[in-house]
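Enquirer: Next come a sequence and a model predicted from it.
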Amino acid sequence: MRPKRPPAISRSLSESLRAGDGEDVLVTGGAGYIGSHTVLQLLLAGSRPSSWTTSRTPPRSLSREWPSLPGIDIRDKEALEKVFASTTFDAVIHFAGLKAVGESVHKPLLYYNNNIIGTINLLEVMSAHGCKKLVFSSSATVYGWPKEVPCTEEFDLSATNPYGRTKLFIEEICRDIHISDPDWSIILLRYFNPVGAHPSGHIGEDPRGFPNNLMPFVQQVAVGRRPALTVFGNDYSTNDGTGVRDYIHVVDLSDGHISALQKLFDGSEIGCEVYNLGTGKGTSVLEMVAAFEKASGKEIPLVIAGRRPGDAEIVYASTAKAEKELHWKAKYGIEEMCRDQWNWASMNPWGYGCPDPAD
Ligand code: UFG
């Protein structure tokens, strides 16, 4: 039976998505930030996503429609076996993984265990069940400190921390798997900087503890949870001295996964292919803050600090390959990203949870 359309979600969002053919798609990490938006876009596109929840409950407003399986850890191979024994999946979108750069430096084994062992388990179980179509969430972090911009998919790869190395290793594992067994079709998606939230305001990013990334921090300052944003460095060789990144609306990013799935199912020989998902435009920290202030009407107090170790100066994507081969292009600019981020923040100042006394 087709899942019902989630309530309060704009129908127009799905208009540009070609209706799916009802594929059964397992989404690991489907309750996370990008995963939850992608599950929603899959529902709207007519696929049948299955997802479990390990890190948090599904969004309350969508919970009746949310395709939840009992929570499992992908390092638990027996549990994975049971999931694959109960449903024949046509493809897997693999988001599950730890992603805090700083934490990965202090706990490398946790990252290698969770991200790499977990992925190997998943790939082994997929293979054993004949499910050999995969979309993997990689990251622009594999470009390290790019020598030039825009970053194209052919750039040399490097990693500057254990988190980045897990992405790099998993990409290599996927390439090796395809060489060993050409039945695999794998698309590696390198995300730039996902921000914003679903325009409904029902789902968005809700990091645990201290936010590591720019926009979750800005959002928490705007709702009064933090006093000021610390700007990491204003002495870069950029227009205003602050770091430049390629921010992409999370709904655009999610749609990129639908396009990747369509490519996996369109019958073409894919092998193991990689695509950047970004907008191709660079925006500085101060430009992003100004756009958010405009969208929210809130002032964001700033504290200028030194550079954050490991930060690159300017990173943005070449989008030509994804446009040509996935027929995907980001639609939203920073105004929409900030508008939707603020909509989510003002509707849910404490994210999915209650105020945490330790916050
Ligand atoms: N920044 C601040 N203050 C903050 C947080 C960030 O000034 O409190 C600045 C950073 O110095 C950088 C920009 O905002 O110039 C963006 O920083 P983010 O932490 O939001 O994003 P990064 O580009 O550093 O990292 C993101 C993902 C990583 C991924 C990387 C790939 O968070 O997981 O992109 O390039 F590895």
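Expert: That came through, no problem.
Enquirer: which residues of the protein fall in helices?
Expert: Secondary structure of the chain (DSSP state H): helices at 33-45, 77-86, 101-106, 108-111, 118-128, 162-180, 214-222, 250-265, 285-296, 320-321, 334-347.
Enquirer: Check whether Ile314 really touches Lys281, as I assumed.
Expert: No - Ile314 sits out of contact with Lys281 when judged by C-beta atoms under 8 Å, with a separation of 11.6 Å. All C-beta atoms are positioned from the backbone trio N, CA, C, and that covers glycine.
Enquirer: where does the stretch 51-200 of the chain have low pLDDT?
Expert: 52-70 (pLDDT under 70).
Enquirer: Any idea which residue of it lies closest to the ligand?
Expert: Relative to the ligand, the nearest point of the stretch 51-200 of the chain is Thr141 (3.0 Å; C-beta to the nearest ligand atom).
Enquirer: what's that residue in contact with, if anything?
Expert: For Thr141, the contact set (C-beta atoms under 8 Å, 6 or more residues apart in numbering) comprises 101, 159-161, 163-164, 167.
Enquirer: let's see it at 7 Å
Expert: Thr141 is in contact with 159, 163-164, 167, counting by C-beta atoms under 7 Å, 6 or more residues apart in numbering.
Enquirer: Adding distance to His129 and neighbour count, write those out as CSV.
Expert: Converted to CSV, the contacts of Thr141 look like this (distance: C-beta to C-beta, whole Å; neighbours: other C-beta atoms under 10 Å):
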residue, distance to His129, neighbour count
Ala159, 31, 18
Tyr163, 29, 23
Gly164, 30, 23
Lys167, 25, 25
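Enquirer: Could you identify the most distant pair in these?
Expert: Ala159 and Tyr163 (8.1 Å; C-beta to C-beta).
Enquirer: Once you drop chain neighbours, what's closest to the residue of the chain most remote from its centre?
Expert: Here the chain reaches farthest from its C-alpha mean at Asp235, the gap being 29.2 Å by C-alpha atoms, centre = their mean. Spatial nearest neighbour of Asp235, chain neighbours left out: Gly241 (5.5 Å); criterion: C-beta to C-beta, 6 or more residues apart in numbering.
Enquirer: same check, this time on Tyr163
Expert: Nearest residue to Tyr163, sequence neighbours excluded (C-beta to C-beta, 6+ apart): Ser104, at 3.6 Å.
Enquirer: ok, now Phe217?
Expert: In space, Phe217 is closest to Pro211, 4.4 Å off (C-beta to C-beta, 6+ apart).
Enquirer: What does the pLDDT read for that neighbour?
Expert: Here, the pLDDT recorded for Pro211 equals 95.
Enquirer: What about it, how many residues nearby?
Expert: Applying other C-beta atoms under 10 Å, we find 19 residues neighbouring Pro211.
Enquirer: Tell me the bridge partners for Phe136.
Expert: As for beta bridges, Phe136 partners with His94, Leu188 under DSSP bridges.
Enquirer: That one: what's it in contact with?
Expert: 94, 170, 174, 186, 188-189.
Enquirer: can you list those in CSV and add distance to the ligand and neighbour count?
Expert: Formatted as CSV, these follow (distance: C-beta to the nearest ligand atom, whole Å; neighbours: other C-beta atoms under 10 Å):
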residue, distance to the ligand, neighbour count
His94, 16, 24
Ile170, 13, 23
Cys174, 18, 23
Ile186, 20, 24
Leu188, 14, 22
Leu189, 13, 23
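Enquirer: Get me the contact residues on the stretch 1-150 of the chain for the ligand.
Expert: 99, 101, 139-141 (C-beta under 6 Å from any ligand atom).
Enquirer: Tell me which residue in the stretch 151-300 of the chain sits closest to the ligand.
Expert: For the stretch 151-300 of the chain, C-beta to the nearest ligand atom, closest residue to the ligand: Gly243, 2.4 Å.
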